[in-house]
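**Q** coords please:
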Amino acid sequence: MSSQSDVRKIDIDLVSDVVCPWCVIGYHQLAEAARRSGIEINVTWQPFELNPHMAPEGENLREHLANKYGTTPSESRAARERLTAMGAELGFRFNYADDMRMVNTFRAHQLIHWAETKGKGGAANLALFEAFFTERRDLNDIGVLCQVAESLGLDAHEAREMLEQETCAAAVREQQAFWQQQGISGVPAMIFNRRYLVTGAQGVERYVEMLKTVAAETKSEKA
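**A** Now for the predicted structure:
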């Protein structure tokens, strides 16, 4: 069996929203695929808002899904059970409840962007997934976001100042616009080495195949 050790790290732009359950699933499937294949990946999270016009107080999640997608209560329940089971297999805990609320995530994306400048963008994104899906916290609340920042060893006061002054807002909007201009209209969307686009949560085996294909092409180009 040939070794992947001489293949450079594969860069992956992961366009995602922190209230998107399939983004959580897709990331953990990708991470497992990297582990199984022995191919190192460098994931950069890119911002996408599922609900850019969401009111500050948010909406009940079941009502939101019914209004947006026509999802019935039974369909919603089945989807939650499926996601919960898939998450458990990947080591992520979904903790759905009937009173869970969908929120706007623009502030959360600003926090991720700011954390990225501190070398903790990926950690921030994963912490926000957990805060929303496991702890059912309001990711539009500045206080909650500051607590997430502090849990990562970042300065909560600096985080609050950044969020209140929206010093990262323009940069996030610019990133969002860039990916929309590339044709990204749904998430998760993964772009391997800025060349190969894979959308949706494809499953561990599919990601293993994709990583091996990209690694082989990269190795061939280097030869």
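**Q** Run through who's touching the strand or helix carrying Glu158.
**A** Here Glu158 sits within helix 156-165, counting by DSSP states H and E. With contacts defined as C-beta atoms under 8 Å, 6 or more residues apart in numbering, helix 156-165 is touched by Arg107, Gln110, Leu111, Trp114, Ile142, Leu145, Cys146, Gln147, Ala149, Glu150, Thr167, Cys168. (Each C-beta comes from the backbone N, C-alpha and C, glycine too.)
**Q** who wins for most neighbours among the residues you listed?
**A** Using other C-beta atoms under 10 Å as the neighbour test, those are led by Leu111, with 30 neighbours.
**Q** That one touches Ala127, doesn't it?
**A** No. Counting by C-beta atoms under 8 Å, Leu111 does not reach Ala127; the two are 9.4 Å apart.
**Q** shared neighbours, the two?
**A** By C-beta under 8 Å, 6+ apart, the residues touching both Leu111 and Ala127 are Val148.
**Q** shaky segments in this protein?
**A** 1-8, 219-223 (pLDDT under 70).
**Q** Quick test: name the residue nearest the centre of it.
**A** By C-alpha atoms, centre = their mean, the mean C-alpha position of the chain lies nearest to Ser16, the distance being 4.1 Å.
**Q** My guess is it contacts Phe48. True?
**A** Yes. Applying C-beta under 8 Å, one finds Ser16 in contact with Phe48, separated by 6.1 Å.
**Q** what is in contact with the two at once?
**A** Val187, Ala189.
**Q** show me where the chain has helices.
**A** Applying DSSP state H to the chain gives helices spanning 21-37, 61-69, 73-89, 106-117, 121-129, 142-151, 156-165, 169-181, 204-222.
**Q** and the last one, what does it pack onto?
**A** On a contact count with 3 or more C-beta pairs under 8 Å, 6 or more residues apart in numbering; DSSP states H and E, helix 204-222 meets strand 10-16, helix 21-37, strand 189-192, strand 196-199.
**Q** From the contact counts, what lies against the third one?
**A** To tie it back to what came earlier, the one meant is strand 189-192. strand 10-16, strand 196-199, helix 204-222.
**Q** mind redoing it with 6 Å?
**A** Packing partners of strand 189-192 (3 or more C-beta pairs under 6 Å, 6 or more residues apart in numbering; DSSP states H and E): strand 10-16, strand 196-199.
**Q** for the last one, same thing?
**A** Helices and strands in packing contact with strand 196-199 are listed as strand 189-192; criterion 3+ C-beta pairs under 6 Å, 6+ apart.
**Q** So what are the sheet partners of the strand it packs on and their directions?
**A** Partner strands and pairing direction for strand 189-192 (DSSP bridges) are strand 10-16 (antiparallel), strand 196-199 (antiparallel).
**Q** Appreciated, that's everything.
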